[in-house]
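*Asks:* Fold the following and give me the result.
(one chain, ligands or ions: 1)
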Amino acid sequence: MQFQEPPELGNQYEDDRVLRSYLANVLPDGMLREIEGSLSEMGRLAGSELYEMQLADRLNEPVLTHWDAWGNRIDKIELTPLWRLGERIAAEHGVVATAYEQKHGRYSRVHQCALAYLFTPSTDIYSCPLAMTDGAARTLLGSGNQQLIDRAVPHLIARDPNEFWTAGQWMTEIAGGSDVGLSETVAKATSDATTFQLYGRKWFTSAATSQMALTLARPEGNPPGGRGLALFYVETRDEQGRLRNIEINRLKDKLGTRKVPTAELNLTGTPAQLVQGTADGVRNITPLLNITRLWNGISAVALMRRGLALAYDYARKRVAFGAPLSEKPLHRDTLAGLQAEFEAAFQLAFYVAELTGRSETREITEEDSHLLRLLTPLMKLTTGKQAVLVSSEVLETFGGAGYIEDTGLPVLLRDCQVLPIWEGTTNVLALDALRALESGDKDLKTGLVRFSTAVTGCLETARDPDLVDCARIAQSALDHAASWLVEAERAGRPALEAGARRFSLTLGRTMELALLIKHGRRSSARRFAHSGVDLIVTGLQDLQDLTEES
Ligand SMILES: Cc1cc2nc3c(=O)[nH]c(=O)nc-3n(C[C@H](O)[C@H](O)[C@H](O)COP(=O)(O)OP(=O)(O)OC[C@H]3O[C@@H](n4cnc5c(N)ncnc54)[C@H](O)[C@@H]3O)c2cc1C
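*Replies:* Got it, this is the predicted structure:
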């Protein structure tokens, strides 16, 4: 009798030709040699111990205990073994710290993202607390609040697991997720001018076991809306390990990310310190969101890569109609299409990492700083959608086995499904991209010219006739986006908003194609160029209908 052989993983760094060739292209001479040991070790862990633990840990989930045996309210969350191991490995291998130690200046962020990319798929979204930890460190460092920097940042970027802290980001409330300005949490002043007590209910808090959190609340007397919220720092437990006036109501029962302890919290006079001023909290928390959006994109490409690594191995083993699937032209074609989608997303996510690194070391031009402001939402929204599509198709490449839980495959799709939702949904980020085009006092059209310059810079590098062809397709999508923008602006705000998602996805995919061309990824560029780069629907008729309706 024949058995189906399970897919296996090798060293996830050494087997990843996309990551390796990208790093060889962008890192300065000698740097890859210096960091390769750390990447290879993380690749080894991700393909062996961590992956084995992930499969063994499959059915475990975090457990919330409200009461101890003696009737005391404890609200204790027990994490699963995989997550406990993940935390230790993340700290020891500097999955956050590498970006802050700055051993390689502006390339430190690329190095860190490469570590995160290798680490993420074997740890069932432990990337979530790490992303918020990284974002909290960046936000505190930029806040100028030296007392909080001295207090928290050394823990957030520690390599010693006993010193390492994670951070939560408590923004979403029942009244407002995307529209966070509707937040109802109130901050009552105490006799000490910078210390407040928070009263309210936080509806989604993913890193509920974190030692600290950054959160938004409205100091009493402040006006409604986002401007009236202030950014606060909370240490969740006192010296005895008791929660500081925080009740954990329950853990969410979620489609995926089931190892992530996403909790609903009551803040019942939680002590909190102002991070930066008594208002403008939404603006002041933006550095955190930029970092978590970068992590979202890196996680998207990491999960796509994991699905493909498993699918390639399986295709070599599974025989159908007289030959391994890897020899069947149509199966190969299917995988090649997914590979192109993954490579395109990879280039965009890592390009944003490069720009973020340059911004952090202040080696970025004003133009590129505006480009980063635009590419961060574009990258997050584009790669999130790609991850859902690719992981769904990956399951199909396994046939029935892809649908069976104890293969460890279905979780890939469920975990990817959160990527377009948290850290800003696709629509919300598409609207943010419009605001980003106008950054630096530019109008939408001038903002788009800035983006076009970056794209054409990549397209001009095409020499190979196939890549020149791809460049034409990218240019045509860009021209279509520009003409749509003129028409939509003329038609009015409803038309502009209605088309913002298609417009943003088109810009995101155009940039991806441009980067594939720049990095000479010929076969992926060819496939990607013919996989729907331009998603814009023109026709003044549509826009007129819409404006008439509204
Ligand atoms: C697993 C998980 C973990 C999470 N962890 C955290 C966490 O740790 N901390 C935290 O603060 N939050 C967290 N969130 C919350 C998440 O960030 C929000 O769910 C998300 O921002 C959307 O907010 P909402 O749920 O209120 O949806 P809504 O804002 O109500 O959005 C509903 C729909 O309306 C669309 N929409 C909204 N505004 C517009 C508009 N102007 N135009 C067009 N369409 C629009 C959205 O795109 C969406 O499709 C988590 C969510 C999940 C699923």
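*Asks:* Could you tell me which residues of this structure lie near the ligand?
*Replies:* Contact residues (C-beta under 6 Å from any ligand atom) of the chain with the ligand: 169-172, 177-179, 204-206, 254, 257, 262, 418, 421-422, 425, 427-428, 431. From N, CA and C alone the C-beta is placed, and that goes for glycine too.
*Asks:* One more pass at 5 Å, please.
*Replies:* Within reach of the ligand by C-beta under 5 Å from any ligand atom, the chain has these residues: 169, 171-172, 177-178, 204-206, 257, 262, 418, 422, 425, 427.
*Asks:* Shouldn't Leu231 be within a strand?
*Replies:* Yes - the assignment for Leu231 is a strand, going by DSSP: H, G, I helix; E, B strand; the rest coil.
*Asks:* quick revisit: out of the residues of the chain next to the ligand, who's nearest Thr292?
*Replies:* Nearest to Thr292, judged by C-beta to C-beta, of the residues of the chain next to the ligand is Gln169 at 6.9 Å.
*Asks:* In the stretch 101-250 of the chain, what residue comes closest to the ligand?
*Replies:* Nearest residue of the stretch 101-250 of the chain to the ligand: Gly177, at 2.0 Å (C-beta to the nearest ligand atom).
*Asks:* Am I right that that residue is in a strand?
*Replies:* No - assessed by three-state DSSP, Gly177 does not belong to a strand; its assignment is coil.
*Asks:* Please look at it and Ser183 and confirm they touch.
*Replies:* No - Gly177 lies out of contact with Ser183 (C-beta atoms under 8 Å); the separation is 9.8 Å.
*Asks:* quick one: which of those two has more around it?
*Replies:* The neighbour comparison of Gly177 against Ser183 (other C-beta atoms under 10 Å) goes to Ser183, with 30 against 18.
*Asks:* Could you report the distance from Glu363 to Ile298?
*Replies:* Distance from Glu363 to Ile298, counting by C-beta to C-beta, to the nearest Å: 21 Å.
*Asks:* out of the two, which sits in the more crowded spot?
*Replies:* Set side by side, Glu363 and Ile298 show more neighbours around Ile298, with 28 against 11, by other C-beta under 10 Å.
*Asks:* List the residues that contact that one.
*Replies:* By C-beta atoms under 8 Å, 6 or more residues apart in numbering, the residues touching Ile298 are Cys113, Ala116, Tyr117, Thr120, Ser127, Ala349, Phe350, Ala353.
*Asks:* and those, which two are the farthest apart?
*Replies:* Farthest-apart pair in those is Ser127 and Phe350; separation 15.5 Å (C-beta to C-beta).
*Asks:* What is the host helix or strand of Met379 packed up against?
*Replies:* Per DSSP states H and E, Met379 falls inside helix 366-397. Applying 3 or more C-beta pairs under 8 Å, 6 or more residues apart in numbering; DSSP states H and E, one finds that helix 366-397 contacts helix 286-317, helix 329-360, helix 410-416, helix 426-437, helix 444-459, helix 500-518.
*Asks:* Just name the most buried of those helices.
*Replies:* Neighbour counts (mean count of other C-beta atoms under 10 Å) averaged over each of those peak at helix 500-518, with a mean of 26.
*Asks:* shaky segments in the stretch 1-150 of the chain?
*Replies:* 1-2 (pLDDT under 70).
*Asks:* hmm, 80 instead?
*Replies:* By pLDDT under 80, the weakly predicted segments of the stretch 1-150 of the chain are 1-3.
*Asks:* What segments of it are helices?
*Replies:* 17-26, 31-47, 49-56, 81-92, 98-101, 108-119, 127-143, 146-156 (DSSP state H, counting those that start in this stretch).
*Asks:* What separation do you get for Lys380 and Arg237?
*Replies:* For Lys380, the distance to Arg237 equals 32 Å [C-beta to C-beta].
*Asks:* Pick out whichever of the two has more residues nearby.
*Replies:* For Lys380 versus Arg237, neighbours defined as other C-beta under 10 Å are more numerous around Lys380 (31 against 14).
*Asks:* follow-up on the earlier one: quick one: the residue of the stretch 101-250 of the chain closest to the ligand from Gln54, how far?
*Replies:* 30 Å.
*Asks:* Now do Ala213: how many residues are near it, please.
*Replies:* Ala213 has 26 neighbouring residues, counting by other C-beta under 10 Å.
*Asks:* That one sits in which helix or strand?
*Replies:* Going by DSSP H and E, Ala213 is in strand 212-219.
*Asks:* Quick one: classify Gly269 as helix, strand or coil.
*Replies:* Gly269 ends up strand, using three-state DSSP.
*Asks:* mind listing what it touches?
*Replies:* Lys188, Gln197, Leu198, Tyr199, Asn245.
*Asks:* same thing but 10 Å
*Replies:* Residues near Gly269 by C-beta atoms under 10 Å, 6 or more residues apart in numbering: Lys188, Thr190, Phe196, Gln197, Leu198, Tyr199, Arg244, Asn245, Ile246.
*Asks:* Point out where the stretch 301-450 of the chain drops to low pLDDT.
*Replies:* The stretch 301-450 of the chain contains residues with pLDDT under 80 at 440-442.
*Asks:* how about 70 then?
*Replies:* Along the stretch 301-450 of the chain, no part satisfies pLDDT under 70.
*Asks:* For stretch 40-56, measure first residue to last.
*Replies:* The separation between the terminal residues of stretch 40-56, taken as C-alpha to C-alpha, to the nearest Å, is 23 Å.
*Asks:* gap between Thr461 and Ala175?
*Replies:* 49 Å.
*Asks:* In contact with Arg362, which residues are there?
*Replies:* When contacts are counted by C-beta under 10 Å, 6+ apart, Arg362 touches Arg106, Ser369.
*Asks:* one more time with 6 Å, if that's ok
*Replies:* By C-beta atoms under 6 Å, 6 or more residues apart in numbering, no residues touch Arg362.
*Asks:* Surely it forms part of a strand?
*Replies:* No - per three-state DSSP, Arg362 lies outside any strand segment and is coil.
*Asks:* before we move on, back to that, including secondary structure, could the contacts of Gly269 go into CSV?
*Replies:* What follows is those, written out as CSV (three-state DSSP):
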residue, secondary structure
Lys188, strand
Thr190, coil
Phe196, strand
Gln197, strand
Leu198, strand
Tyr199, strand
Arg244, coil
Asn245, coil
Ile246, strand
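*Asks:* are any of those buried, and which?
*Replies:* Phe196, Gln197, Leu198, Tyr199, Arg244, Asn245, Ile246 (16 or more other C-beta atoms under 10 Å).
*Asks:* Widest-spaced pair of those residues?
*Replies:* It's Phe196 and Ile246 that sit farthest apart of the buried ones among the contacts of Gly269, by C-beta to C-beta, at 14.3 Å.
*Asks:* Could you count how many residues lie near Val180?
*Replies:* Residues lying near Val180 (other C-beta under 10 Å) number 18.
*Asks:* roughly how far apart are it and Val428?
*Replies:* 10 Å.
*Asks:* Give the intersection of the neighbour lists for those two.
*Replies:* Joint contacts of Val180 and Val428 (C-beta under 6 Å, 6+ apart) do not exist.
*Asks:* before we move on, back to that, tell me how far the helix holding Met379 is from the chain's mean position?
*Replies:* Its chain's average C-alpha position is 9 Å from that of helix 366-397, according to C-alpha atoms, centre = their mean, to the nearest Å.
*Asks:* Show me what counts as buried in it.
*Replies:* Neighbour counts over helix 366-397 (16+ other C-beta under 10 Å) mark 368, 370-388, 390-391, 393-395, 397 as buried.
*Asks:* Poorly predicted segments of the stretch 151-300 of the chain, please.
*Replies:* Scanning the stretch 151-300 of the chain for pLDDT under 70 picks out nothing.
*Asks:* Go again with 80.
*Replies:* 193-194.
*Asks:* Could you report the neighbour count for the nearest residue to Ile74 once chain neighbours are set aside?
*Replies:* Among residues not flanking Ile74 along the chain, Asp68 sits closest, at 5.0 Å (C-beta to C-beta, 6 or more residues apart in numbering). Neighbour count of Asp68, defined by other C-beta under 10 Å: 10.
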